[in-house]
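Q: how would this look folded up:
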Amino acid sequence: MIVKPILNEALCNGCGLCVTVCQCGGMVIVGSIIKRVDVADCRYCAECELVCPTGAIQCPFEIVIEESIDITFEE
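A: Now for the predicted structure:
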């Protein structure tokens, strides 16, 4: 499953900041509303979320913490 940013078009003000920071060309403005272009190059960097002044873009992710295993080798 490829994870892509979630867009809330109702919050978008059409400023275009996300388009300027998206290095893969995955965001476009259509009629003053952000739209996502499906591209395989999206690295889910979340730059678009960081620059969005209205919170119209969300890049949710799950943090997984693995327990460390203490391995002791005897000689």
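Q: separation between the closest residue to N13 other than its chain neighbours and V39?
A: If the residues on either side of it in the chain are set aside, N13 comes closest to T54, at 5.3 Å by CB to CB, 6 or more residues apart in numbering. For every residue, glycine as well, the C-beta is placed using N, CA and C. From T54 over to V39 the distance is 23 Å, taken as CB to CB, to the nearest Å.
Q: on that earlier part again, from memory the residue nearest to N13 sits against E9, does it?
A: No. Assessed by CB atoms under 8 Å, T54 is found out of contact with E9, at 10.8 Å.
Q: compare these two and say which is more crowded by neighbours.
A: Comparing T54 with E9 by other CB atoms under 10 Å, the one with more neighbours is T54, at 14 against 11.
Q: so that one, which state does it fall into?
A: Under DSSP: H, G, I helix; E, B strand; the rest coil, T54 falls in the coil class.
Q: any idea how far apart the tips of stretch 31-44 sit?
A: 25 Å (CA to CA, to the nearest Å).
Q: what residues does that stretch touch?
A: By CB atoms under 8 Å, 6 or more residues apart in numbering, the list of residues contacting stretch 31-44 from outside reads 2-5, 7, 9, 12-14, 18-19, 23-29, 56-57, 59, 61.
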